[in-house]
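J.: give the three-dimensional model of this entry:
(3 chains)
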Amino acid sequence: MMDLFKIALRNVVRNRRRTLISMFAIFIGIGVMVGIRGFMNGLQDSLVRNVVETRLGALQIHHAGYVASIEGVPLNLDMPVDEALLAKLRAIPGVRGAAPRIAFPVMVNKNDDTVFALGSAVDPANEYTVCPEEAKIITAGTALGTEPALVMSTQLATAIKAKIGDSITLLANDHDGALNGIELKLVGTYVGRMPGMEKTLIMTLGAAQGLLRMEGRVTEIGIGLKNPRAADDLAPAVAAIAPAPTFEVHTWNQLAKNITDIMRFQNTFLGVASFVFLLVALTLIINTMLMAVLERVREIGTMMAVGVRRRQVLSLFLMESGLMGLFGGIAGAGAGWALVLYMGWRGIDLAMPGMKNVRNMLYPSLPLSYILLAVGLATVGAILAAIYPAWHAARMRPVEALQHV
Amino acid sequence: MLTVFSLAFRNLWRHRRRTLITMSALVIGMTVVIFLAGFRNSFIKLIVDDAIRSEAGAFQVHRAGYMDSTDAAPLDLNLPVDAAMEAKILAVPGVAAVTPRVRFAGLVSSGSTSTMFIGTGIDPVREYTVCPDFRFRAVDANGATTTPIGPERADGILMGKELADGLKVKIGDTVTLLVKTAAGGMNALDATIVAYTLATNPFAGKRGIFVPLPFAQKLTGMEGKATDYVAAVGDPENVDAIAGAERTALGGTFEVQTWDVLAPFVKDAVTRLSYVLGIVGAVLLTIVITGIMNTVLMSVYERVREIGTMMALGMKRRAILGLFVAESLGMAATGAAVGVALGLGIVLWLNHAGIPISPPGGGMTASLRPFLHLQFVVSTVLVAFVGATVAAIYPAFKASRLRPVEALRAL
Amino acid sequence: MKWTMLALLAVAAILGGSAAAPAGAAGEDEAAAILKKFDTVMAPSYFEAKFSMTAHREDGTTRTYDMHAFKSADDKFRAIFDGPAAVKGQEILRVGDNSWVYMPSLKKAVRLASRDSFMGGDFNNADVLRVNYAADYTGTIVEKTPAATVLELKAKGPEVAYDKIKMWVTPADGMPQKAEFYTSSGKLVRAAEYLEVKDVGDGHLRPGRIKMYNKLVPARWSEMASHEFKIVPTIPDTKFALSALGK
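T.: Residues are numbered from 1 along each chain as shown, chains lettered A, B, ... in the order given. Reported below is the predicted structural model:
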């Protein structure tokens, strides 16, 4: 058996031309499959990122009843929050941050222009740990820092004719319903990733708690996870620290249910495309193997004439094919991976003209496990693809084979 | 010339197995590319159609400045509901139907509580000619489609289940809608919830209520007026051109928005998927052509002695080149033809049978019906054909460059 | 915003009277006279007053705001909040269709969006108080009993908030007792009760407490009580200038 293997190896290495041609099909097939997968991962990731890491967080904690409330952003359903609570949440394995927030309706004013908006108050250090993309959507000026300040969407800034550095007046009803006001400096403007952020602003939490007379209280805690997809698994641990009936915990896919639906949809669609594609690649490999067999008819005849058994001929071809699959797979997966790494570093800009105020970058990515899978697939696939040709070769009659031109 | 061709043909025929193997790559590749295109077209159409037919319409007409207004639902920027206005819109070729709507905002009360809402008044009959799938957005408590807003019930309204739950009402209950009228006064009317709304837009707020148009007009004091005209077109693929023609026809006091501006999220999804599939298709074609090059190359090497013999017998290099190219042409032509035929066949069959699929966000299971554009098929065939032929040139070239002596000696 | 409504509301909460209106001639003249009297009672040309406004919400809680206010004949109104502490020093100024709110913490007046917003809340009820009946409505007497004269008021134009008002007044002194407010569709959306008629000086009679009900969400209602009410011959315009706020 070992000898046969050595012969197979030697055949593969010696006949470089033939090997390369055969490997080429595998190379391309696997390479593209890997590339598509990387792209698909990037697509799903970008969706998750746009939703989870820009705005929501992987999990959210609220006062019970908050999410279902028709008033949209009720201040009376709030919670006390202190550093101890946040520390406890951060201590859960897999959690990378806990961000206290308040959402509230607000009137935004500069000079004579006053507009209604949805305000969000965050603690920048915690917030950007939980939602790192939130800092990156800033297109002009800077993100929030330690000073009391605010950032707003570019549409809002245009509506009140505000520029970076301006002092903006915010009026809001406090926790009790009494009107209160504050002036803050506008330090940056942003472009939202998802629709619905056009009339929003984000301000520092301390200033908001003063404005709303909610010192020490918030309406929401956003939880960031190292792996956002693990939200469902970690929800119980979070709920243990913020239990019912006082609190409620939701995962991002519960809060943005439509997004998960869309993702699943896209997944299916691309899955079909990939599958079809793979089928073609495989066919091509069979094709190539068949041609290889035809090319070596005389060689096969010679082998049989000197006593090599049919079974051994079969094994030989399968092994050769397997080796070519392996090498081709490694090369293809390697090339695909390199491309994905490069595109992942560089990013693909998917800004769409229709959604001119939403930016979208795609970062293809691949886990190592998938690469290994691809190589394995190539090897196995090549072996499978060679079955018919190898069988065909093994079936030849030495006399006819030798006669073949 | 003819000799080369007939020789080529005979070679192909004689070595049927080799020919078939080489051709199979092309056939399969073509079939798949065509199928994928058909699949993608139907997929995109499904998503786009869904957006158009269930709420956005192919395009909408507003009074200039409406969409940019800082007000949530300005009533003063309105359009007349009369034959003249509609005729103007319908005059542009390609427009199939129009329907007026009134969008307004107010407070909805259920006796125990009240909250803000955004209302849309739709024509109980004509809305469905423009947005036929709107009908399916009326669901009962279990999510099954039920009777939508129609002319039989003047005060029947639709609202989202979340809003209804928040107001502590359900289907069959009465609520009061309180609004500020166009003139500045206040008005209120009672309405009965006949069904819940199924949201199509993942980002649509919870606050939407649909009412019959006459009800909305009466409530807001907008009799004879509308805030939107929603139009359907015969062929959604032409919508941009049609919208452009509308802008010219209507002039600067109106504005026209196409569905992708009104539902940008849809367009985004569509573009992304097209992007991916485009790449897949292109790569497929490349693979196929590479495969052909592969197999032709192999066949050349397989036939080295044959080539040597031919040369020894006096066949010119050019003729050898021509022979191989001709063989490739022949295979390409046949392969492409068969591939296209197969692909078309599959697409036609699937078009008839339909692929069941359930769209995101729930809703009824729809059928994907793959279809193709003629120019796509033609260009694909051309590309495959030319590509296959070009792919064969390199091997053919190598073949013609063999030295007869070495060739004859080769084993 | 609620506060816009408050401004609108405050406009009306009025006390003050004038001489008893002449006993009217029959029918519409009488009705017109009653309306005129109502306006004079509820919204004299110039006045200064102190009010408390209490809002009752559907969850059972109440909120009370104290303020003192001035009104001038050409539709100018200014209210300064005295309590609770959270709002003390805030002011609302309304001149015609424009409104401003003054925030003492910012030492700044912020102009409010001129379009009213239905942002739900305590003071929606109060818009019943911004009424100029004689100008906006045509009245007809529909019933006369010893206890009350009942009028029906029909809005003169579509821009008036309430299309129809049904009003009960005391025959002897023309004091309003209660009113019901209807939209053009005939829906009863608000109601008001006028209570505790007292003499605010110089023999002027005025209801000291007004209760306003939201007929669509009955659990929400408000009441307005006046503590001091002074009708004055005039108030200088400077008192209603933006620069006057906060001083």
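
J.: what about the helices in chain C?
T.: C:2-12, C:27-42, C:133-136 (DSSP state H).

J.: state the helix or strand in which residue 265 lies.
T.: Looking at chain A here, since you left the chain open. Assessed by DSSP states H and E, A:F265 sits inside helix A:257-295.

J.: chain B, not that one
T.: Short version, using DSSP H and E: B:F265 is in helix B:264-302.

J.: can you give me how far that helix is from the chain middle?
T.: Computed by C-alpha atoms, centre = their mean, to the nearest Å, the chain-centroid distance of helix B:264-302 equals 21 Å.

J.: return the residues of the stretch 151-300 of chain B in contact with chain C.
T.: Proximity of the stretch 151-300 of chain B to chain C (C-beta under 8 Å from any C-beta of the partner chain) is limited to residues B:176, B:178, B:180-181, B:183-190, B:218-219, B:221. (Glycine included, C-beta is placed from N, CA and C.)

J.: now for A:L326: which residues touch it?
T.: A:V375, A:A378, A:T379, A:A382 (C-beta atoms under 8 Å, 6 or more residues apart in numbering or on different chains).

J.: residues in contact with the third one?
T.: Spelled out, it's A:T379. A:T379 touches A:G322, A:G325, A:L326, A:G329, counting by C-beta under 8 Å, 6+ apart.

J.: and which of these is nearest to chain C?
T.: Closest approach between the contacts of A:T379 and chain C, by C-beta to the nearest C-beta: A:G329, at 63.3 Å.

J.: what helix or strand is the closest residue to the closest one other than its chain neighbours on?
T.: Among residues not flanking A:G329 along the chain, A:A378 sits closest, at 2.6 Å (C-beta to C-beta, 6 or more residues apart in numbering or on different chains). Using DSSP H and E, A:A378 sits in helix A:368-394.

J.: and that helix, how far from the chain's centre?
T.: In terms of C-alpha atoms, centre = their mean, the centre of helix A:368-394 is set 29 Å apart from its chain centre.

J.: buried ones in that helix, by neighbour count?
T.: A:370-371, A:374-375, A:377-379, A:381-386, A:389-390, A:392-394 (16 or more other C-beta atoms under 10 Å in any protein chain shown).

J.: quick check: next helix or strand after it?
T.: helix A:398-403.

J.: neighbouring contacts of stretch B:291-299?
T.: Counting by C-beta under 8 Å, 6+ apart, A:18, A:21-22, A:24-25, A:284, A:287-288, A:291-292, A:294-295, B:18, B:21-22, B:25-26, B:29, B:324, B:327-328, B:331-332, B:387-388, B:391-392, B:394-396, B:398 sit against stretch B:291-299.

J.: mark which of those are buried, thanks.
T.: Burial of these was assessed by neighbour count (16+ other C-beta under 10 Å); the buried members are A:18, A:21-22, A:24-25, A:284, A:287-288, A:291-292, A:294-295, B:18, B:21-22, B:25-26, B:29, B:324, B:327-328, B:331-332, B:387-388, B:391-392, B:395-396, B:398.

J.: looking at those residues, which are in helices?
T.: Short answer: those in helices (DSSP H) are A:18, A:21-22, A:24-25, A:284, A:287-288, A:291-292, A:294-295, B:18, B:21-22, B:25-26, B:29, B:324, B:327-328, B:331-332, B:387-388, B:391-392, B:395-396, B:398.

J.: report the two of the contacts of A:T379 separated the most.
T.: Based on C-beta to C-beta, the longest span within the contacts of A:T379 runs between A:G322 and A:G329 and measures 10.0 Å.

J.: overlap in contacts, these two.
T.: Common neighbours of A:G322 and A:G329 (criterion: C-beta under 8 Å, 6+ apart): A:T379, A:A382.

J.: between the two, which is the more surrounded one?
T.: Comparing A:G322 with A:G329 by other C-beta atoms under 10 Å in any protein chain shown, the one with more neighbours is A:G329, at 28 against 21.

J.: now find how far off-centre the helix or strand containing the more buried one is within its chain.
T.: Using DSSP H and E, A:G329 sits in helix A:310-346. Computed by C-alpha atoms, centre = their mean, the chain-centroid distance of helix A:310-346 equals 26 Å.

J.: with stretch B:294-313 instead?
T.: Offset of stretch B:294-313 from its chain centre (C-alpha atoms, centre = their mean): 48 Å.

J.: give me the below-cutoff pLDDT ranges for chain A.
T.: Counting by pLDDT under 70, the ranges of chain A that qualify are A:70-72, A:193-195, A:258-260, A:262, A:349-361, A:403-405.

J.: how is it divided into domains?
T.: Chain A breaks down by automatic domain parsing into domains covering A:2-50+A:260-402, A:65-243.

J.: want to throw those into JSON lines with distance to B:L284?
T.: Listed next are these as JSON lines, based on distance: least, C-beta to C-beta, whole Å:
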{"stretch": "domain A:2-50+A:260-402", "distance to B:L284": "6"}
{"stretch": "domain A:65-243", "distance to B:L284": "31"}
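
J.: what's the closest of those to C:A179?
T.: Go through the domains of chain A one by one with C-beta to C-beta and the one that ends up closest to C:A179 is domain A:65-243, at 26.6 Å.

J.: which residues touch the one helix or strand A:G206 maps to?
T.: Using DSSP H and E, A:G206 sits within helix A:205-211. Applying C-beta under 8 Å, 6+ apart, the external contacts of helix A:205-211 come out as A:100-102, A:104, A:119, A:121-123, A:148-150, A:170, A:172, A:174, A:180-182, A:184, A:214-218.

J.: so A:G322 versus A:V293, what's the distance?
T.: Between A:G322 and A:V293 the distance, using C-beta to C-beta, to the nearest Å, works out to 15 Å.

J.: who's C:L205 bridged to?
T.: Judged by DSSP bridges, the bridge partners of C:L205 are C:D199.

J.: isn't it right up against C:M175?
T.: Yes - counting by C-beta atoms under 8 Å, C:L205 does reach C:M175; the two are 6.1 Å apart.

J.: what sits in contact with each of these two?
T.: Common contacts of C:L205 and C:M175 (C-beta under 8 Å, 6+ apart): C:V41, C:V197.

J.: what residue, apart from its backbone neighbours, is nearest C:E180 spatially?
T.: Nearest non-adjacent residue to C:E180, counting by C-beta to C-beta, 6+ apart: C:K166, 4.4 Å away.

J.: bridge partners for that neighbour, pull those for me.
T.: Beta-bridge pairing of C:K166 under DSSP bridges involves C:E152, C:E180.

J.: and what of B:A191?
T.: Beta-bridge partners, per DSSP bridges, of B:A191: B:V175.

J.: what separates it from A:A273, distance-wise?
T.: Taken as C-beta to C-beta, the span from B:A191 to A:A273 is 47 Å.

J.: then B:I320?
T.: B:I320 sits at a distance of 41 Å from A:A273 (criterion: C-beta to C-beta).

J.: quick one, which of these two is more surrounded?
T.: Shown here are B:I320 and A:A273; by other C-beta under 10 Å, A:A273 has more neighbours (24 against 21).

J.: and that one, how close does it get to chain B?
T.: Separation of A:A273 from chain B (C-beta to the nearest C-beta, to the nearest Å) stands at 5 Å.

J.: ok, for that residue, nearest residue in space, not its chain neighbours?
T.: Spatial nearest neighbour of A:A273, excluding adjacent residues (C-beta to C-beta, 6+ apart): B:V280 at 5.3 Å.

J.: no further questions, thank you.
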